[in-house]
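# what's the 3D shape of this:
(one chain, ligands or ions: 2)
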Amino acid sequence: MEIDRAVKESNNTRLQTKYNNAVYVIQRAFALYSFEEVAFSFNGGKDSTVLLHLLRAGYFLHNEKANSSSKNQINFKLNCPIRTIYFESPSAFPEINTFTYETASTYDLKMEIIRLDFKSGLEALLREKPIKAIFLGTRIGDPNAVGQEQFSPSSTGWPPFMRVNPILDWSYRDVWAFLLTCKVKYCSLYDEGYTSIGSIHDTVPNALLCINDLSKSKENFKPAYLLQDGRLERAGRAKKISPIPGVCVLRNGLNSADPHLSSTLTASIITVGDEILFGTVEDKLGSTLCRKLHSIGWVVTRISLVRNDIDSVAEEVAQQKSNTDMVFMFGGVGPLHSDVTLAGVAKAFGVRLAPDEEFEEHLNHLMGDEFTGDRNEMAMLPEGITELLHHEMLPVPLIKCQNVIILSATNVTELDEQWDCLLDLTTANEPLMLLAPFVSKHLRTTLSDVKSAQTLLKFRLEFPDLFIGCYRESRTGPLIISFVGKDATRIDMVVQRLYQEFHSSAFSEVKHALENFPSAAESSLCENTPVGKPSDKDETPLCGGRRSVGKRLLLFTCMGTFAHKEYQAFEEKVKRTVYLDNLSPQVAVPVLKMALGQFGNVVSAQFIPNYMDAMNIQQCALVEMETAKQARSVVTDTTMYPFMISGMPRPVRARPAELEMFSDRPVRPGRKITCRWVDSKDPDYEIAKKLKSLTRKHYAESLFLLKHQLEEEEKLAKQQNELLKSNYEKYDMLDSITADGTVKQVARHYYDVNITDD
Ligand SMILES: Cc1cc2nc3c(=O)[nH]c(=O)nc-3n(C[C@H](O)[C@H](O)[C@H](O)COP(=O)(O)O)c2cc1C
Ligand SMILES: Nc1ncnc2c1ncn2[C@@H]1O[C@H](COP(=O)(O)OP(=O)(O)OP(=O)(O)O)[C@@H](O)[C@H]1O
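Ligands and ions are numbered 1, 2, ... in the order given. Next up, the predicted model:
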């Protein structure tokens, strides 16, 4: 038999195994049911074409066995006159119809054409014919394959029959390997780029096979068998679901009146790990991912930690997948007994784990010979709901089950990489929708909780679009009030209101390093070390040679129109701002405001934190004037005339402010900052080392200079004090000699001058 021979003569062992299994299932069916009781559901598609030839081979082999003694084998050698059902639809492609009819005639199929829907058509057919089993070309990966086995009774509500699925475990590639190896005819549409065929209304050629030839007006497509990733075979089928996966199941359980959540997307994070629950290891991934999600405008509504136990995972996933737009999972992925995350996810969705050929290939590639035996279980993924997220930087694709993304990162560096890949992959809002980022302000206050409570409650109601929260760094330390939202002007508004209620001197702004540098937040920043300040524990990115990472993005924020506007407003503010330095440490904000008040209206004045000095003695400030013209006159006048402010009598220097001087500056729309870790083998390692030692040298020098400056300052202050004291003494003396008449006497006696009292 030519099919059997073609497969056996091919050197494709995988195809041979799949073929043998399928033919075995067919032979079992022929053994269980009489020829009259079986039917073949044929629609001219590629899967049913494969099934047709398998049936021919199976029927031949079955009969060969049964009639081994008989000499009359010629009749059924080539054909299989099986009862064949075709549900013909007016919206079927003409090419499909033609191919179906021609094939039926070529192979002598006994056609039953039904022009009803599947269910009613089968009900009518089964009333008339003694059909007990129907062969279908269903494969794992088809939406309707979920929960099916090779022998699956029809669903409840359907007429009773056995669905026989001989190619259930075949992949897209297996199908094409078979059709091409056996050189059988298939519908011509597959050569025109169609990869899975539905009706004329919902099927187009697969865009992944499009050949962009600009010289031709008509698009051209490669044949279906050239599709690389079989998972995308249905990409040519029109989507009936929401463009954002998972968004359709959103917000169940959320209070829709919550303005924060209704205007943004929400995420939850589930970490699976007994070790974290035992306290053996610490979870840093959850908080890092929170910052990353925050940086693309998402709100994390829950972080949970569950045991390595299928039911615990399933329970949490089931809840979070319907409560939030996207669920991110860490831990519990691998071949070990404790790796139950995927099983938990499958259970939460009510599906089983099924072998996934694409994933298996990736693992195979990664693990080579080691990927055998039990390890194949690692390629079992939740059936019918899994999508693999491929990226060139990822050795194995990430797994996405509807709105659940399973991250395989085990440390922050790996998470950085996977996150970058997810962002890179994000197109048309999938898998992540990039939203306007959050902006925030944090104020440290000397006010007590009791004093601020009422006002903050009032603001919470007045500014429902902002998150207003409070926390403290220690029990006895000051309270920190944070305002988080998407509109910077609203945040400024609430802060101004706060200053009106109390006094602005009761607050000082806290810069949140962790928020500004989401992916670099691993070591020093977690210990509350100010950004940019070198410390012994600190590993600046350039010197992190111990860890090698392919690519890291330190700062990435997506900007929409909102961000553009915000950035423009910021640029205007920069023009109105003057940078002052050489200020005495004794100068405070009110002094600064008063001194510059003579040039115009001072909108705000803020000192720039001095990260190079352990004591943070501030000598530079940014002063925002009401207009750019006023700012310019500050610069001209202080350059032309010596202008001194308080403390040491030294002239203040002023120049126009620059964008980079603002630590709270918004990210330039569309800007990406790339930060790379280099190890000793990297060609840039030496430069990085030099930069690091230069930074340290600079730090040491400025420390020395500062120390020297402070000593000078102190010496001068002392001198000034002494001068002042001696001047006072002189005035005192003058006062007393004027009062007791000595001055008059001396004037008269020595100079012959009369001094009168008036
Ligand atoms: C012969 C036959 C039997 C079917 N039996 C069932 C069934 O038992 N339960 C069910 O939900 N759908 C059944 N279906 C419908 C299929 O699951 C599915 O909707 C159909 O094959 C369309 O697939 P497509 O969307 O990939 O074109 C049956 C379809 C056919 C042709
Ligand atoms: N109109 C139909 N008439 C008869 N059988 C059908 C019909 N539609 C689907 N089937 C059965 O369901 C199976 C699965 O359908 P499916 O559309 O997934 O595969 P296919 O049509 O063979 O290939 P493709 O995915 O390329 O369209 C078919 O192989 C066939 O057995």
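
# what mean pLDDT does stretch 459-466 have?
Stretch 459-466 comes out with an average pLDDT of 84.

# quick one: terminal-to-terminal distance for it?
9 Å (CA to CA, to the nearest Å).

# Now that stretch: buried residues?
459, 463, 466 (16 or more other CB atoms under 10 Å). Heads up, the C-betas are built off the backbone N, CA and C, glycines and all.

# Next, format these as a markdown table and append secondary structure and distance to ligand 2.
Output for the buried residues of stretch 459-466, formatted as a markdown table (DSSP: H, G, I helix; E, B strand; the rest coil; distance: CB to the nearest ligand atom, whole Å):
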| residue | secondary structure | distance to ligand 2 |
| --- | --- | --- |
| 459 | helix | 58 |
| 463 | coil | 53 |
| 466 | coil | 50 |
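
# and residue 356, how far is that from residue 169?
The gap separating residue 356 from residue 169 is 11 Å, by CB to CB, to the nearest Å.

# Specify which residue of those two has the higher count of neighbours.
More crowded of residue 356 and residue 169, by other CB atoms under 10 Å: residue 356, with 23 against 19.

# Could you measure from the more buried one over to residue 387?
Per CB to CB, residue 356 is found 11 Å from residue 387.

# repeat for residue 592
According to CB to CB, residue 592 and residue 387 sit 57 Å apart.

# Residue 328 now?
Residue 328 sits 15 Å away from residue 387, going by CB to CB.

# between these two, which one's more packed in?
Using other CB under 10 Å, the more surrounded residue of residue 328 and residue 387 is residue 328, with 28 against 18.

# So what's the residue count around residue 195?
Neighbours around residue 195, by other CB under 10 Å: 27.

# Isn't it up against residue 228?
No - counting by CB atoms under 8 Å, residue 195 stays clear of residue 228, with 11.2 Å between them.

# got the contact list for the nearest residue to residue 114 once chain neighbours are set aside?
Counting by CB to CB, 6 or more residues apart in numbering, residue 121 is the residue found nearest to residue 114 once chain neighbours are left out, at 3.8 Å. With contact set as CB atoms under 8 Å, 6 or more residues apart in numbering, residue 121 has these partners: 85, 87, 114-115.

# ok, residue 39 - contacts?
82-85, 112, 125, 129, 131, 133-135.

# circling back to that earlier point, looking at the contacts of residue 121, which is nearest residue 435?
The closest of the contacts of residue 121 to residue 435 turns out to be residue 87 (CB to CB; 44.6 Å).

# dump the residue contacts of the closest residue to the closest one other than its chain neighbours.
Excluding the flanking residues, the one nearest residue 87 by CB to CB, 6+ apart is residue 114, at 5.0 Å. Contact analysis of residue 114 by CB under 8 Å, 6+ apart lists 85-88, 121, 124-125.

# Just name the closest of those to ligand 2, please.
residue 87 (3.6 Å; CB to the nearest ligand atom).

# Surely that closest one touches residue 45?
No - look at residue 87 against residue 45 with CB under 8 Å: they stay out of range, at 11.8 Å.

# So between those two, which is more surrounded?
Of the pair residue 87 and residue 45, residue 45 is the one with more neighbours under other CB under 10 Å, namely 22 against 17.

# Once you drop chain neighbours, what's closest to that one?
Closest residue to residue 45 apart from its sequence neighbours, by CB to CB, 6+ apart: residue 197 at 5.5 Å.

# For that neighbour, give its distance to residue 357.
Counting by CB to CB, the gap from residue 197 to residue 357 is 21 Å.

# same deal with residue 460?
In terms of CB to CB, residue 460 sits 53 Å off from residue 357.

# just to revisit the earlier point, what subset of the contacts of residue 114 is buried?
Applying 16+ other CB under 10 Å to the contacts of residue 114 flags 85-88, 121, 125 as buried.

# can I get those residues in CSV with pLDDT and distance to ligand 1?
Shown next, in CSV, are the buried ones among the contacts of residue 114 (pLDDT from 0 to 100; distance: CB to the nearest ligand atom, whole Å):
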residue, pLDDT, distance to ligand 1
85, 97, 6
86, 97, 9
87, 96, 6
88, 94, 12
121, 95, 8
125, 95, 9
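
# Pick the one among the residues you listed closest to residue 750.
Residue 750 lies nearest to residue 87 out of these, by CB to CB, at 133.1 Å.

# for the stretch 601-750 of the chain, what spans make up the helices?
628-640, 685-739, 742-746 (DSSP state H, counting those that start in this stretch).

# which of the contacts of residue 121 come close to ligand 2?
By CB under 6 Å from any ligand atom, the members of the contacts of residue 121 lying near ligand 2 are 85, 87.

# Pick out the residue in the stretch 251-400 of the chain sitting closest to ligand 2.
Closest point on the stretch 251-400 of the chain to ligand 2, by CB to the nearest ligand atom, is residue 384, at 12.4 Å.

# SS state for that residue?
coil (DSSP: H, G, I helix; E, B strand; the rest coil).

# give the contact list for it.
Contacts of residue 384 by CB under 8 Å, 6+ apart are 140-143, 145-146, 351, 354.
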